[in-house]
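Undergrad: Predicted model and sequence below, questions to follow.
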There are 10 protein chains.
Amino acid sequence: MLKNIPKRLSPELVKLLMEMGHGDEILLADANYPALTNNSRVVRTDGIMVPELLHDILELLPLDTYSDYQGILMQIVPGDTAVPSSGPPVWEKYRKEIAGVFPKYNLKSIERQAFYEYSHKCFAIVQTGETALYGNLILKKGVVL
Amino acid sequence: MLKNIPKRLSPELVKLLMEMGHGDEILLADANYPALTNNSRVVRTDGIMVPELLHDILELLPLDTYSDYQGILMQIVPGDTAVPSSGPPVWEKYRKEIAGVFPKYNLKSIERQAFYEYSHKCFAIVQTGETALYGNLILKKGVVL
Amino acid sequence: MLKNIPKRLSPELVKLLMEMGHGDEILLADANYPALTNNSRVVRTDGIMVPELLHDILELLPLDTYSDYQGILMQIVPGDTAVPSSGPPVWEKYRKEIAGVFPKYNLKSIERQAFYEYSHKCFAIVQTGETALYGNLILKKGVVL
Amino acid sequence: MLKNIPKRLSPELVKLLMEMGHGDEILLADANYPALTNNSRVVRTDGIMVPELLHDILELLPLDTYSDYQGILMQIVPGDTAVPSSGPPVWEKYRKEIAGVFPKYNLKSIERQAFYEYSHKCFAIVQTGETALYGNLILKKGVVL
Amino acid sequence: MLKNIPKRLSPELVKLLMEMGHGDEILLADANYPALTNNSRVVRTDGIMVPELLHDILELLPLDTYSDYQGILMQIVPGDTAVPSSGPPVWEKYRKEIAGVFPKYNLKSIERQAFYEYSHKCFAIVQTGETALYGNLILKKGVVL
Amino acid sequence: MLKNIPKRLSPELVKLLMEMGHGDEILLADANYPALTNNSRVVRTDGIMVPELLHDILELLPLDTYSDYQGILMQIVPGDTAVPSSGPPVWEKYRKEIAGVFPKYNLKSIERQAFYEYSHKCFAIVQTGETALYGNLILKKGVVL
Amino acid sequence: MLKNIPKRLSPELVKLLMEMGHGDEILLADANYPALTNNSRVVRTDGIMVPELLHDILELLPLDTYSDYQGILMQIVPGDTAVPSSGPPVWEKYRKEIAGVFPKYNLKSIERQAFYEYSHKCFAIVQTGETALYGNLILKKGVVL
Amino acid sequence: MLKNIPKRLSPELVKLLMEMGHGDEILLADANYPALTNNSRVVRTDGIMVPELLHDILELLPLDTYSDYQGILMQIVPGDTAVPSSGPPVWEKYRKEIAGVFPKYNLKSIERQAFYEYSHKCFAIVQTGETALYGNLILKKGVVL
Amino acid sequence: MLKNIPKRLSPELVKLLMEMGHGDEILLADANYPALTNNSRVVRTDGIMVPELLHDILELLPLDTYSDYQGILMQIVPGDTAVPSSGPPVWEKYRKEIAGVFPKYNLKSIERQAFYEYSHKCFAIVQTGETALYGNLILKKGVVL
Amino acid sequence: MLKNIPKRLSPELVKLLMEMGHGDEILLADANYPALTNNSRVVRTDGIMVPELLHDILELLPLDTYSDYQGILMQIVPGDTAVPSSGPPVWEKYRKEIAGVFPKYNLKSIERQAFYEYSHKCFAIVQTGETALYGNLILKKGVVL
């Protein structure tokens, strides 16, 4: 552990976040996500949920404020009755954390199968312990000047 | 994730617990423990505290009920005023978890410098996110019949 | 060995099952299957037959109940007289084990050459000791919530 | 699988048996044996019991008939009431298999702690699925002329 | 060395033969064959000729009797005057060895350049010490039941 | 680069600082120090001087305030006329940086040959670009609570 | 450190520069460049700016004077108001350094997205500590006769 | 060093020459050739010129006398005034060495850019210390009978 | 294969012989020798007997004519009735091959257990296919001038 | 190749010379020296003699002018008649090269067997192509200020 680095972040994950460059994207995937099938760089944070991990990561990771989006969600499958009409509850937490660092944020969404494909090109996938529905979140890294 | 395996346990940690044999010992170390200095097999569980990790591990790991001890704590340094006279509060949690699976348990304690030395011979060290004082706990594996 | 984990499952196999995600598929291949030719991730369980391995795996592995199939068999080659008209006897064992955890299961089948091709995309192949005809079985992993 | 090689033996195990030389010893250890702690070369055969593995290995492995012993057992701990006065039942199976290939065999025994130490110097340890008491057996390889 | 395994076969080669599955093919190549250029799995048996190696391998390796061929030779280049009209003498030895285990065998042949290409897809290439003309031989593995 | 992490620190160095535990020591060595001869973990920061590196590291690394020293210098060789009577000028910079985070600091010193020996047991050596005389500095890591 | 080799250059970087051949290109990338995403050979020089690194590299690296360009810059995005009309200030430093070794130099420029693509084919990327806008510079190696 | 093996040839290079097969080609490249960019197998012989290396290699390496060429040169770029009308002087040395072992030799030449492409498919590239113009030479291996 | 290098010698073995220096020793061990137990560098030549391997090696390897011995045999165990009074027949072959290159040779012998110990310090062990009694032979490398 | 770096020095050797620190020693060994037996870091320069290699290395490597010796030779074995009374001729070349960079140099010598032992502790051994008697030379690295 070090000062100024949130305790939940492992040395391996911080190193990886440091190695990402402008425009590189990282997927915070839920615990059931087929991570190894979709990316060769996988870091696990078993037992850690996405909202708390997101909070910690955003203390370090600058979002790409030059892009027309800062993050990507997986679209709700049409007709999925498990999701309330107000959307997946976990999304509210994500929006709150992201707004905390960049109020003018925009989150895109991508259809489910296309999302899996898209995650092949992410810099890395973090396999979290999240079990909420539609809990996957991609973040786009910005610059430090 | 799999059925019957607690969600907080990583694939790497479960594999390691399976590979341990009768009498092998594993140290659940606190977040400040010099783990890599004292053992070549280190698994990290950043952000996870020992009580919850202990709870999960004891669902899988049999304690050595043939031994005259099932676990080892680090002795309180004489004169350490940061510890209440009733002992480190976190120890109560450890005792409760262990008693839950083996009521007749016995926990030894080892003097601080000797504890570091002892951890060289453990099967592995788990570097947890625990920050409680005297939070290190060694478990001795038993048999499955 | 650990409590709650069937004894026949190796540490390597359990780790692999834990690393699979929703929708990932694993092939329990017979002892003559060209495993290394069709997948780069191969785990061997020489001497263990598929029915008993299947029984153990299903204690841990959730099947994909959202999919329109939970498993895949290799189609009987037209005119193969070695197979009784009631189908390969080993399939009855597979169906019984799978029904035991998901009675509404559906098993697809794929033509022999296409099956080999398909197994390239499996998460992994387990090379078992099974020698029964048409003994190959693909399982599709579901979610743990 | 190959002709003349028992099906339960994995490619890795056969390769290892071939690489052993005259006088090298291999431990068939029970499922609870601390194998990785006592040897850097460990092969696992989860789910396979020692008697059947022994039977198969003896089809290939020549015993050292020049030595005054062909195998080593772990001595019964004095006062261990779990063992019948006639000795551990599994030993009868071992003796029968070994006598089948070398009727004039001799099995030594070594005190428990010394046995663990001794296994450090074995060529390798096979971690079997055996759960019988006193199920560990060391074999001494002979020559093929 | 082990009983029942021909002495000329190395541990590495036996392991590889065991890992092959039904339908996998292995090329016994002559000493001048560009092996590393055509396959990433190459085992060398310098000083050993194909007929004696073939004899030993066929003690272990079942040929694919379900296929319409059990082996493949390299076609004689039209106009090659170095080959007697009765064909390369070494082929007689190959035919004799193969007939010894499967009298109804069939050997295909493939044009020289196509043969090189074909060997890319073999499970492995054994670089032998054979120096006879047209000494390359591909074997197709069958099943053990 | 990340927010809150000084730009001069590489991902590899930050990971290493995170992996150190309470009491582990790290040597910031000058550009001529025989680093690889004295430690197997060496990180290079060619072109970076110790004072600026020290400044950055102390933003993250807690010093061990429980110990009777927080750092170690190499003793001035008796009779070394290259050093002013006030001591090596670079030491003033070190003292200022360390006092900035822990005013009650204490720096020990070790005789030159003993210092080389001592550095064998450091967690790691950072080979900096420092060329000042007596520029080597060992830091002792404390805890984050 | 060695005589005649600038102190800021690491052993790894010098080795890499030596291994480049005629026509090979190396990217001196700014600190935010997505280096690992665009090349598998990445060397880091955290804390070192491009002008000083360029100065040092040009003491060793011959530029390709046979080519119609010796370096490549990233084109200014049309409408980018952060750049003065005279161009990115850092470019003046680059031009001065390059002119110092080859007055008749020519620097090409490539559109931003195409530049990222182009860097895939560079021999390597050096991830510097540069934070100036449009700070990326590709150098083309010449010959030593 | 061994008897009968020229002293200038390294163990690594001799091993590589032995592993080549009939028709495999090896490039003896000059000191400025972009070797690592064009082949993944590169052996260096810094300080050794091609004529002396060629002399030594031809003591061991049989040329392909069945092919319509035994070696390949890089074509002179049209209009290159640095080359005398009689051709690059170093070619005379190559021709003399090759004629010494196969008087009826034929050397092809390939246009410069095509030559770079062609070298991708060579078995390996030897990066020599040669600095003569047009000093690159590809050799085609023959057979030993 | 190469000219002047005996065909039975593998690329790996020739490389190893080249890497040996003056005074380094290599053991040509019989097929039952516990090679991996006694040395970490082991090369196998299954199916090749020591006399023919020795013949080939001596075409390349200079013996140490400065030493008071050029080779070492394993002493005959006192009372071993399997050996004719004239000594192991295979020794005659060894003596003939060695005399062929150095008529004034001297072969030492070492007691059996001491021989095993001694082989730990050999440069490497070649595990041959030799099955003759007392077939082990150590060679001491000389110099090439 | 790079400007200012002698052409005979390989990238690997230059990297190694850069990584050495003050007081580290490197052995330039002759072609018959048992290098791999005496050090785990070995770089080969087959075909290059020590005098020319020494010349090139001294362009880069500073000698340790603070030490009471800058290099070490192997003592002449008493009674060795192959050496002229004026000493090994190659030593004159060494002295001339070293005097060229440090006229007040001192070369120690060490008895032959002790020299072998001593070379275990060198930073590395360069196996050159030198065949002159007593051609081994150890250099002690100094500092760059």
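TA: Nice, thanks for sending it over. Small disclaimer: the values here were computed from a predicted structure and weren't measured. Numbers count the residues shown, from 1 in each chain, chains lettered A, B, ... in the order given.
Undergrad: Quick check: A:Ser86 is in a strand.
TA: No - A:Ser86 is assigned coil when assessed by DSSP: H, G, I helix; E, B strand; the rest coil, not a strand.
Undergrad: A:Arg95 versus that one, what's the distance?
TA: Look at A:Ser86 and A:Arg95: by CB to CB, to the nearest Å, they are 12 Å apart. The way it works is simple: take the backbone N, C-alpha and C, and place the C-beta from them, glycine included.
Undergrad: Pick out whichever of the two has more residues nearby.
TA: Using other CB atoms under 10 Å in any protein chain shown, the more surrounded residue of A:Ser86 and A:Arg95 is A:Arg95, with 15 against 8.
Undergrad: Am I right that that one sits in a helix?
TA: Yes - the assignment for A:Arg95 by three-state DSSP puts it in a helix.
Undergrad: Now do the strands in chain A.
TA: In chain A, the segments counted as strands under DSSP state E are A:25-29, A:42-45, A:71-74, A:107-110, A:124-128, A:137-140.
Undergrad: Spell out which parts of chain A neighbour chain G.
TA: A:19-24, A:123, A:143-145 (CB under 8 Å from any CB of the partner chain).
Undergrad: was I right about A:Arg44 contacting B:Met1?
TA: No - contact criterion CB atoms under 8 Å: A:Arg44 and B:Met1 do not qualify, at 11.1 Å.
Undergrad: show me what contacts the residue nearest to A:Pro51 when sequence neighbours are not counted?
TA: Sequence neighbours aside, A:Lys93 is the residue nearest to A:Pro51 in space, at 4.1 Å (criterion: CB to CB, 6 or more residues apart in numbering or on different chains). Going by CB atoms under 8 Å, 6 or more residues apart in numbering or on different chains, A:Lys93 touches A:50-51, A:54.
Undergrad: do the same with A:Thr128
TA: Per CB under 8 Å, 6+ apart, neighbours of A:Thr128: A:28-31, A:45-46, A:48-50, A:53, A:135.
Undergrad: what does A:Leu60 give?
TA: Counted by CB under 8 Å, 6+ apart, A:Leu60 has contacts A:5-6, A:9, A:14, A:17, F:2-5.
Undergrad: Tell me which two in these are the farthest apart.
TA: A:Leu9 and F:Lys3 (12.8 Å; CB to CB).
Undergrad: the more surrounded of the two?
TA: More crowded of A:Leu9 and F:Lys3, by other CB under 10 Å: A:Leu9, with 24 against 13.
Undergrad: dump the residue contacts of that one.
TA: Counting by CB under 8 Å, 6+ apart, A:Leu9 makes contact with A:17, A:53, A:56-57, A:60, B:46-47.
Undergrad: out of those residues, who's nearest G:Ser67?
TA: A:Leu17 (38.0 Å).
Undergrad: re the thing from before, pLDDT and distance to C:Ile110 added to the residues of chain A next to chain G, as JSON lines?
TA: JSON lines is the format used below for the residues of chain A next to chain G (pLDDT from 0 to 100; distance: CB to CB, whole Å):
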{"residue": "A:Glu19", "pLDDT": "98", "distance to C:Ile110": "41"}
{"residue": "A:Met20", "pLDDT": "98", "distance to C:Ile110": "40"}
{"residue": "A:Gly21", "pLDDT": "98", "distance to C:Ile110": "43"}
{"residue": "A:His22", "pLDDT": "98", "distance to C:Ile110": "45"}
{"residue": "A:Gly23", "pLDDT": "98", "distance to C:Ile110": "41"}
{"residue": "A:Asp24", "pLDDT": "98", "distance to C:Ile110": "38"}
{"residue": "A:Phe123", "pLDDT": "98", "distance to C:Ile110": "35"}
{"residue": "A:Val143", "pLDDT": "96", "distance to C:Ile110": "49"}
{"residue": "A:Val144", "pLDDT": "93", "distance to C:Ile110": "51"}
{"residue": "A:Leu145", "pLDDT": "84", "distance to C:Ile110": "55"}
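Undergrad: Okay then, goodbye and thanks.
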